[in-house]
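Asks: could you look at this predicted model? Sequence included:
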Amino acid sequence: MVKKEGNKLFGLLGKNISYSFSREYFTHKFKDLGYTKHSYVNFDLQQIEDLAAVLVKNKEELSGINITIPYKQEVMSFLDLIDEDAEKIGAVNTIKFLADGKLKGFNTDFYGFKNSIQPFIKEHHKKALILGAGGASKAIAFAFEKMGIDYKFVSRKKRNKDVFTYEEITTEIIEGYTVIVNCTPLGTYPNIETRPEIPYEAITDQHLLYDLTYNPEETTFLKLGKNQGASIKNGFQMLELQAEKSWEIWNL
């Protein structure tokens, strides 16, 4: 169905997302741009199957959706088309509603991550650990591939020979992987004391720790790294960059 002119609705799809960065960000953006007929809401769904009803109910106004945990992979079954990079990554965080009514998926996470971490990468940052194995971690891996940085996933379960479990992470491994990215929700408000279980005592001033979490601004993961002399960065700039890339895609 071809969309009617008029109100344009955008939103964030996720689970338990009252803390959402995106809604506040785009609400302010629309106000600053004077787009009085644009609005941005949360589609806080307990199961991905409920998305079908959301799409039907809002089909006249929906123009774009962002996707967050835990639906970046599951949402792909709802799409008619998937961008080449998103297909390679295996996760989608942005949906564009095309003029003919079709839904196309994109991934702007890797763009946001790559451009936010790039200024911190030094000559010795050649190997990275990616903590977590969800949709976000796939975008981080894709960015590292583009940057020429070798990486290994760290997961609670032994998925294959290319994945470490947390129990396997030794001080020697930490010493060899000088970029560590937390893609897990550990440390996110309100459970700010939690952190990935790795040997922080092996971290040095040669390390760069990056946490996709931005609330709190400095997670326990980042604090422990900073205490060891590491460079640290949270995910706020990544969120801003991926949001702007989503906006660009929606307006192409």
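Replies: Received it, and whenever you're ready, just let me know what you need. No experiment lies behind these values; they were computed from the predicted model shown.
Asks: residues in contact with Ile89?
Replies: Listed by C-beta atoms under 8 Å, 6 or more residues apart in numbering, the contact set of Ile89 reads 107, 110, 138-139, 141-142. Every residue, glycine included, has its C-beta placed from N, CA and C.
Asks: counting neighbours, which of those comes out on top?
Replies: Ranked by the number of neighbours (other C-beta atoms under 10 Å), the contacts of Ile89 place Ala139 first, at 30 neighbours.
Asks: surely that one and Phe106 touch.
Replies: No - shown here, Ala139 and Phe106 do not form a contact pair, counting by C-beta atoms under 8 Å, at 11.0 Å.
Asks: common neighbours of these two, please.
Replies: Here Ala139 and Phe106 share the contacting residues Asn93, scored by C-beta under 8 Å, 6+ apart.
Asks: got the residue ranges for the strands in the stretch 101-250 of the chain?
Replies: According to DSSP state E, counting those that start in this stretch, the stretch 101-250 of the chain carries its strands in the segments 103-106, 127-131, 150-155, 163-165, 179-182, 208-211, 231-234.
Asks: only the buried residues of the shortest one, if you could.
Replies: Buried positions in strand 163-165, judged by neighbour count with 16 or more other C-beta atoms under 10 Å: Phe164.
Asks: now, which of the contacts of Ile89 lie within helices?
Replies: Residues of the contacts of Ile89 located in helices (DSSP state H): 110, 138-139, 141-142.
Asks: and of these, the nearest to Thr165?
Replies: Nearest to Thr165 among those is Ala141, at 17.3 Å by C-beta to C-beta.
Asks: count of neighbours near Gln46?
Replies: Neighbourhood size, Gln46 [other C-beta under 10 Å]: 8.
Asks: go on, Lys102?
Replies: The tally of other residues near Lys102 (other C-beta under 10 Å) stands at 11.
Asks: just the pLDDT at it, thanks.
Replies: If you check Lys102, the pLDDT there is 95.
Asks: with adjacent residues omitted, what lies nearest to it?
Replies: Spatially, and ignoring its direct neighbours in sequence, Lys102 is nearest to Asp80 (4.0 Å; C-beta to C-beta, 6 or more residues apart in numbering).
Asks: that neighbour: neighbour count?
Replies: For Asp80, the neighbour count with other C-beta under 10 Å is 11.
Asks: just the one 3 residues further on next, same as before
Replies: Taking other C-beta under 10 Å as the criterion, the count of residues near Asp83 is 18.
Asks: CA-only coordinates of stretch 38-48 in CSV, if you can.
Replies: In CSV, the C-alpha atoms belonging to stretch 38-48 read as follows (Å, rounded to 0.1, in the frame of the first residue of the first chain):
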residue,chain,number,x,y,z
HIS,A,38,6.6,13.7,12.9
SER,A,39,6.4,11.6,16.1
TYR,A,40,8.6,8.8,17.6
VAL,A,41,7.3,6.2,20.0
ASN,A,42,8.4,3.0,21.7
PHE,A,43,7.0,-0.3,20.5
ASP,A,44,7.8,-2.2,23.7
LEU,A,45,6.9,-5.8,22.8
GLN,A,46,7.3,-8.9,25.0
GLN,A,47,7.5,-11.1,21.9
ILE,A,48,8.4,-10.5,18.3
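Asks: appreciated, that's everything.
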